[in-house]
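J.: Okay, here's the prediction I keep looking at, along with the sequence it came from:
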Amino acid sequence: MSFGFVAFHYPAPEHVDAFLAECHEVADAMRRQPGFESVGVWVTPDGEAVVTTGAFDSEESFLATADLAREMDATPDGQSDLEVRPREVHFLVSR
């Protein structure tokens, strides 16, 4: 069963480019992890949210990658200094 996430991030308008750069850095690191299936970095049409997505072959693979993201200061929950409100993270399982 695959495990995934969708996360909505709300960077301040003046920090969107820096936030996107960090997201792409984390995405590149995720691509090299065992169990990785896919990753995406999106921006809503109104530019108010950055949306990240990821899929892994198992929850264990996701958790290992989440540890890597924490080491890169890209925590899967909470709020970075670039964000104006807490992110919204939704976890998914395939059926």
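T.: Looks like it came in fine.

J.: List every C-alpha atom in the lengthiest strand in the chain, with coordinates, as CSV.
T.: Longest strand in the chain by number of residues, with DSSP state E as the criterion: strand 83-93. C-alpha atoms of strand 83-93 as CSV (Å, rounded to 0.1, in the frame of the first residue of the first chain):
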residue,chain,number,x,y,z
GLU,A,83,5.1,31.2,6.3
VAL,A,84,2.4,33.5,7.6
ARG,A,85,0.2,30.7,9.0
PRO,A,86,0.6,27.0,9.8
ARG,A,87,0.7,24.6,7.0
GLU,A,88,-2.1,22.1,6.4
VAL,A,89,-0.8,18.5,5.9
HIS,A,90,-3.1,15.6,4.8
PHE,A,91,-1.8,12.0,4.7
LEU,A,92,-3.1,9.5,2.1
VAL,A,93,-3.0,5.7,1.6
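
J.: If we go by neighbour counts, what in it is buried?
T.: 83, 87 (16 or more other CB atoms under 10 Å). Bear in mind the C-beta positions are built from the backbone N, C-alpha and C, glycine included.

J.: Show me the contact partners of stretch 82-95.
T.: By CB atoms under 8 Å, 6 or more residues apart in numbering, the residues outside stretch 82-95 that reach it are 1-12, 15, 18-19, 22, 59, 76-79.

J.: Sort out which of those residues are in strands and list them.
T.: Going by DSSP E, the strands hold 3-11 from these.

J.: what does the helix or strand containing D67 rub up against?
T.: Here D67, judged by DSSP states H and E, is contained in helix 59-71. The list of residues contacting helix 59-71 from outside it, by CB under 8 Å, 6+ apart, reads 3-5, 26, 29-30, 33-36, 54, 56, 75-76, 93.

J.: can you do 6 Å?
T.: With contact meaning CB atoms under 6 Å, 6 or more residues apart in numbering, helix 59-71 is reached by 3, 26, 29-30, 33, 35, 56, 76.
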